[in-house]
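Undergrad: Structural data only, the sequence is not supplied:
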């Protein structure tokens, strides 16, 4: 964390000064905004938290509820989501407060007495090396609290406007604010008149019944599985020995349970199989009660007992998977001819079961994908065509999630096979464990692989950095900061600030040598008219305002001196001309984990890894691939 750039200020460094001309508290909803975010669910708060970093962009968030979410809903936080939270400076809080899912246990019917369950397996939840961060459990309301606080402390002082429900969205194409949004106030004592706002862009993060989605003529398509699951957060006394492990429990006749320990040490969540629903009985799901969920759980857990002392929250849902045809308002035959003006994200465009623990995580990644793109276009740094990549990229990810969820929901809802009746249908107990392990990379959030596009290059030079596949998230690794010998994770030094990252992995030459390719790269970036840094950084802005260039040398930190390093890597910043010393790194020799070996960097040639503002690898190039670097950014940025 860096602060005091413009002088010493006492107090909380996370509470940044309000931007020039901004009041310390948000005022009334204006008649015109740049971005209107509808909904404060996972996608909406991540999107808003990212846009809050840009006080020059007028962003407002409206929510039909009268206040923040208090409890219930999602709770599984994938490793990739924790990495994203780190970019907001929030990972430490998340990891400290959350329950760590270290191992998952599996229970099945006893072969000798199938009325009883026995433990059949235990696996490590996240494979070694996938991430420095754990899979944690923190309820959705708490995670949203973190992001809402981050928004309030930002230079924008952004806060949601509660008690406003969107009733219509119309793109009429007129003027600078072509989207007309109508709303009604939901508070009982509020004025009854309609509220109208005009916006440049609207993002519907308003859930599965999204009014924004309906307004642009889209619907969720897919199937219901006519199978009910209950979910309950409970405080209970039990003799079940694995109550503080994530547990997949299969009974012979009474259904299955997915048990999730919750944060705080006492609360647990039970996903309880309630059986098939009659498709002709449309009210069947509404007739379930919390007592029915608990009674089903007690039967499944036999011979163990479960005495529920308190139910914090419960619900019943029907398994189903649905997805919108696209995630913006541009018809297929209009693509490339006009700019998207209305987007949908999260449950507004894809819904699925809760048992894979992916809904909140994928929704947050929707918001993270879109936020930096809107900022780049609104600030004039990128062409409007950048916004077409949101629907293309995230629809593909959502479809992969739907396909996975169909398979996984069928697996966890299956009756276990009875070894005493080999002719009967059923799932081999070992198959559930096998599929869980096989899906580990997906459920940790690391299966996303964006296809080549204007912001994702081809794999021509990927062999120079095999551990950074193009299109996948930038996989952090331990390094040591040269200036102060601090061990850090290289990927976790980046912030959610809309900047592109250029990670320059040095060739074998010493930085003081005349033939150092990394030094030559720094010279090109600092001096050449073809340099993207010179071409796209606004006049008067800090040298790293658009491109955050970071160098990783092969020598240990005691073998180098700061004066050996090109001054370009220690940029001076306004208003006092102070140097930024946090951009140069060396391998972490003390830990024995050399990033060049861990990530397959070509030690002879080095490599330049280009990373998008949402932490996905956009390109891998040679250190002297100047023309390819310039050509790539000519398609992404504009002067």
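TA: That came in fine, so what should we check first? Keep in mind the model is a prediction, meaning the values are calculated, not measured.
Undergrad: tally of neighbours for residue 531?
TA: For residue 531, the neighbour count with other C-beta atoms under 10 Å is 20. All C-beta spots, glycine's among them, are computed from the backbone N, C-alpha and C.
Undergrad: In space, what's closest to it - neighbours in sequence excluded?
TA: residue 525 (4.8 Å; C-beta to C-beta, 6 or more residues apart in numbering).
Undergrad: Show the contacting residues for that neighbour.
TA: By C-beta atoms under 8 Å, 6 or more residues apart in numbering, residue 525 lies in contact with 502, 531-534, 547, 549, 568.
Undergrad: My assumption is that it lies in a helix; please confirm.
TA: Yes - counting by DSSP: H, G, I helix; E, B strand; the rest coil, residue 525 is part of a helix.
Undergrad: Can you give me the pLDDT of residue 412?
TA: At residue 412, the pLDDT value in this model is 86.
Undergrad: now residue 415
TA: pLDDT, residue 415: 88.
Undergrad: neighbours around the nearest residue to it once chain neighbours are set aside, how many?
TA: Counting by C-beta to C-beta, 6+ apart, residue 426 is the residue found nearest to residue 415 once chain neighbours are left out, at 5.1 Å. Number of residues near residue 426 (other C-beta under 10 Å) recorded here: 16.
Undergrad: ditto for residue 320
TA: Using other C-beta under 10 Å, residue 320 has 19 other residues around it.
Undergrad: That one and residue 351 touch, don't they?
TA: Yes - using C-beta atoms under 8 Å, residue 320 is in contact with residue 351, at 6.9 Å.
Undergrad: residues in contact with stretch 314-321?
TA: 72, 222-233, 274, 277, 285-286, 288, 290, 293, 351-354, 402, 405-406, 409, 413.
Undergrad: let me redo that: stretch 627-637
TA: Contacts for stretch 627-637 (C-beta under 8 Å, 6+ apart): 376, 381-382, 386, 454-455, 457, 500, 530-532, 535-536, 546, 608, 610, 618-619, 621-622.
Undergrad: Take those residues and keep only those in strands.
TA: Those of those mapping onto strands are 500, 608, 610, 618-619, 621, per DSSP state E.
Undergrad: any chance of these in a markdown table, plus distance to residue 444?
TA: Formatted as a markdown table, the ones in strands among the contacts of stretch 627-637 follow (distance: C-beta to C-beta, whole Å):
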| residue | distance to residue 444 |
| --- | --- |
| 500 | 25 |
| 608 | 27 |
| 610 | 24 |
| 618 | 22 |
| 619 | 24 |
| 621 | 28 |
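Undergrad: Serialize these to JSON lines and add fields for pLDDT, neighbour count and distance to residue 477.
TA: Formatted as JSON lines, the ones in strands among the contacts of stretch 627-637 follow (pLDDT from 0 to 100; neighbours: other C-beta atoms under 10 Å; distance: C-beta to C-beta, whole Å):
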{"residue": "500", "pLDDT": "99", "neighbour count": "23", "distance to residue 477": "20"}
{"residue": "608", "pLDDT": "99", "neighbour count": "26", "distance to residue 477": "16"}
{"residue": "610", "pLDDT": "99", "neighbour count": "26", "distance to residue 477": "17"}
{"residue": "618", "pLDDT": "99", "neighbour count": "25", "distance to residue 477": "18"}
{"residue": "619", "pLDDT": "99", "neighbour count": "26", "distance to residue 477": "19"}
{"residue": "621", "pLDDT": "99", "neighbour count": "24", "distance to residue 477": "19"}
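Undergrad: Max pairwise distance over these: which two?
TA: Using C-beta to C-beta, these reach their maximum pairwise distance at 500 and 621, which is 13.2 Å.
Undergrad: what is in contact with these two at once?
TA: residue 610.
Undergrad: ok, residue 197 - contacts?
TA: Contacts for residue 197 (C-beta under 8 Å, 6+ apart) come out as 29-33, 36, 60, 180-181, 183.
Undergrad: ok, 10 Å please
TA: Contact analysis of residue 197 by C-beta atoms under 10 Å, 6 or more residues apart in numbering lists 29-33, 36, 60, 62, 161, 164, 166, 177, 179-183.
Undergrad: For it, what is the enclosing helix or strand?
TA: Using DSSP states H and E, residue 197 maps to strand 195-204.
Undergrad: Let me see the ranges of the helices in the protein.
TA: Ranges of helices within the chain are 42-51, 79-87, 91-97, 140-153, 211-215, 290-300, 359-378, 388-412, 429-438, 440-443, 517-527, 532-536, 595-598, 626-634, based on DSSP state H.
Undergrad: what's the closest of those to residue 245?
TA: Per C-beta to C-beta, nearest to residue 245 of these: helix 429-438, 13.2 Å.
Undergrad: Which residues belonging to that closest one are considered buried?
TA: Neighbour-count burial for helix 429-438, with 16 or more other C-beta atoms under 10 Å as criterion, is recorded at 429, 432-433, 436.
Undergrad: List just the nearest of these to residue 604.
TA: If you rank the buried residues of helix 429-438 by distance to residue 604 using C-beta to C-beta, residue 436 comes first, at 41.1 Å.
Undergrad: Test my guess that residue 476 contacts residue 492.
TA: Yes - shown here, residue 476 and residue 492 form a contact pair, counting by C-beta atoms under 10 Å, at 5.4 Å.
Undergrad: More neighbours: which of the two?
TA: A direct count of neighbours by other C-beta under 10 Å for residue 476 and residue 492 places residue 476 higher, at 22 against 19.
Undergrad: rewinding a little: is it possible to mark the buried ones in the contacts of stretch 314-321?
TA: Buried among the contacts of stretch 314-321 (16+ other C-beta under 10 Å): 72, 222, 225-233, 274, 277, 285, 288, 290, 293, 351-354, 402, 405-406, 409, 413.
Undergrad: any idea how far residue 475 lies from residue 440?
TA: 15 Å (C-beta to C-beta, to the nearest Å).
Undergrad: again, but for residue 203
TA: 32 Å.
Undergrad: Residue 606 touches residue 620, doesn't it?
TA: No - Residue 606 lies out of contact with residue 620 (C-beta under 10 Å); the separation is 11.0 Å.
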